[in-house]
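*Asks:* Just the structure for this:
(one chain, ligands or ions: 1)
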Amino acid sequence: MELARLPISASQRGKLISAGYTSLSSLSSLSPSTLAQDLKISDNEALEILRVVSQGSRLDKPDGSHAIVNGAQTAWDMLHEEESLKCITTSCVDLDDILGGGIKCKEVTEIGGVPGIGKTQLGIQLAVNVQIPVNYGGLGGKAIYIDTEGSFMLERSLQIAEACIEDMSGNSDFLQKDFQSCQVKAQPKDFLQNIFYFRVCSYTEQIAMINYLDKFISEHKDVNVVIIDSVTFHFRQDFDDLALRTRLLSGMALKLMKLAKKFSLAVVLLNQVTTKHTEGSFQLTLALGDSWSHSCTNRVILYWNGDERYAYIDKSPSLRSASAPYSVTGKGIRTATSKCKRIKIM
Ligand SMILES: Nc1ncnc2c1ncn2[C@@H]1O[C@H](COP(=O)(O)OP(=O)(O)OP(=O)(O)O)[C@@H](O)[C@H]1O
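*Replies:* Just a heads-up that it's a prediction; the model follows:
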């Protein structure tokens, strides 16, 4: 196998070539620390490259003893992996319940709803909640927020971060606080510092941004959630070539799925709703619904039921269809306080 066909990232390949490594044999006797120094990368990344190189060299051997397709996983391993998937709490107990614990890492979750239902509020809440320390049942991670509409609000993020710290200091339903004596040292500004914000103003910028994410996250391995608010905004405007639009969106979705798996992070795609004419009537449907429908692992629809906000699991390979109420409060997303609060399993 040549270097060009080695399954490593383009940036890693570029660094290898720039450092003068042009064949697998030139890498075969290197130690991870030497390679890390030469390529100016971490020891772990160097070790991973050398592991791929060693697999590639074995495939090159003519004895045919290694299968071309490798890496099979048993269903048991997959079940174990699924059970150990980490989740980001939404700060709403009922919503976490129907989501099987919260927004899952390694998966792409689409959250759609009408304007004003609270999509951006939920996005900001997740960007804050992903930072809840591990000893509070959180992930202690960082967030990437890609804003296509300009709807991210700094002051609101600060409010939500302050409320999150307040919850960690007191007793909160949604935090798994095992360490009662733990002191909360985090400051609201620390939460804002751990949100990497990108503003994209066109679909080309959005595609470039998503292509860049692999490199960015490789350099910021503590990122556990990528939020795009909203994913379809630039694709709904001035797009005459629908076939091209579908191709671009599918390519983008595939990259996001790969990122979610590769870096064990949650991808959250906020989406708008539009009306669709079917069988003589107009129905609310997620924007770009048809070309998009296979691109996400889970789909959650936010809607109004009277004056209460509800979330509904519309699509998921592992969760039952269910709906649960939630509220948007001064503190952010919270469990609905309504007396007739219920979780409805469909
Ligand atoms: N500080 C606050 N206290 C209580 N509720 C708030 C607060 N800030 C925002 N909200 C609620 O959140 C709603 C706006 O939510 P959000 O901006 O997330 O909607 P959205 O679904 O993203 O809408 P759009 O599609 O237009 O971007 C407001 O209508 C209000 O009801």
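
*Asks:* Of all the residues in the host helix or strand of Cys164, which ones are buried?
*Replies:* Using DSSP states H and E, the element containing Cys164 is helix 154-169. Neighbour counts using 16 or more other CB atoms under 10 Å place 156-165, 167-168 of helix 154-169 among the buried residues. (Glycine included, C-beta is placed from N, CA and C.)

*Asks:* Redo those as a markdown table? Include pLDDT.
*Replies:* Below are these laid out as a markdown table (pLDDT from 0 to 100):
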| residue | pLDDT |
| --- | --- |
| Arg156 | 97 |
| Ser157 | 97 |
| Leu158 | 96 |
| Gln159 | 97 |
| Ile160 | 97 |
| Ala161 | 96 |
| Glu162 | 95 |
| Ala163 | 96 |
| Cys164 | 94 |
| Ile165 | 92 |
| Asp167 | 90 |
| Met168 | 87 |
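
*Asks:* what two of the residues you listed are the furthest from one another?
*Replies:* Spanning the widest gap among the buried residues of helix 154-169 are Arg156 and Met168, at 19.0 Å by CB to CB.

*Asks:* For the protein, what lies in contact range of the ligand?
*Replies:* Proximity of the chain to the ligand, by CB under 6 Å from any ligand atom, involves residues 113, 115-121, 151, 156, 272, 328-330.

*Asks:* again, only this time at 8 Å
*Replies:* 113-124, 149, 151, 153, 156, 159, 229-230, 270, 272, 302, 328-330 (CB under 8 Å from any ligand atom).

*Asks:* So which of these are in helices?
*Replies:* 119-124, 156, 159 (DSSP state H).

*Asks:* Return the member of these nearest to Ser218.
*Replies:* Using CB to CB, these come closest to Ser218 at Gly123, 23.5 Å.

*Asks:* any weak-confidence spans in the stretch 101-250 of the chain?
*Replies:* Within the stretch 101-250 of the chain, the segments meeting pLDDT under 70 span 171-184, 238.

*Asks:* all strands in it, in order from the N-terminus.
*Replies:* 103-104, 108-113, 142-147, 195-199, 223-229 (DSSP state E, counting those that start in this stretch).

*Asks:* May I see the buried residues of the second one?
*Replies:* Neighbour-count burial for strand 108-113, counted by 16+ other CB under 10 Å, picks out 108-113.

*Asks:* Save these as CSV, and put in distance to Gly101 too.
*Replies:* Converted to CSV, the buried residues of strand 108-113 look like this (distance: CB to CB, whole Å):
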residue, distance to Gly101
Val108, 17
Thr109, 12
Glu110, 18
Ile111, 16
Gly112, 21
Gly113, 21
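
*Asks:* Closest to the ligand out of these?
*Replies:* Gly113 (5.5 Å; CB to the nearest ligand atom).

*Asks:* who touches the closest residue to the ligand within the stretch 151-300 of the chain in this structure?
*Replies:* Using CB to the nearest ligand atom, the single residue of the stretch 151-300 of the chain nearest to the ligand is Ser151, 4.8 Å away. Residues near Ser151 by CB atoms under 8 Å, 6 or more residues apart in numbering: 120, 229.

*Asks:* for Val268, same thing?
*Replies:* Counting by CB under 8 Å, 6+ apart, Val268 has contacts 103, 108-111, 123, 126, 225-228.

*Asks:* That one belongs to a helix, doesn't it?
*Replies:* No. Assessed with DSSP: H, G, I helix; E, B strand; the rest coil, Val268 is strand; it does not lie in a helix.

*Asks:* how close does Ile103 get to the ligand?
*Replies:* 16 Å (CB to the nearest ligand atom, to the nearest Å).

*Asks:* For that residue, list the residues it contacts.
*Replies:* Neighbour list for Ile103: 87-88, 90, 109, 126, 225, 266, 268 [criterion: CB under 8 Å, 6+ apart].

*Asks:* This structure: helices as residue ranges?
*Replies:* 10-18, 32-39, 43-60, 75-83, 93-98, 119-129, 154-169, 188-193, 203-219, 233-236, 242-262, 289-292.

*Asks:* any chance of those in a markdown table, with distance to Thr337 too?
*Replies:* Output for these, formatted as a markdown table (distance: least, CB to CB, whole Å):
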| stretch | distance to Thr337 |
| --- | --- |
| helix 10-18 | 49 |
| helix 32-39 | 53 |
| helix 43-60 | 46 |
| helix 75-83 | 32 |
| helix 93-98 | 11 |
| helix 119-129 | 16 |
| helix 154-169 | 15 |
| helix 188-193 | 25 |
| helix 203-219 | 37 |
| helix 233-236 | 32 |
| helix 242-262 | 33 |
| helix 289-292 | 33 |
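
*Asks:* Right, I'll call it a day here.
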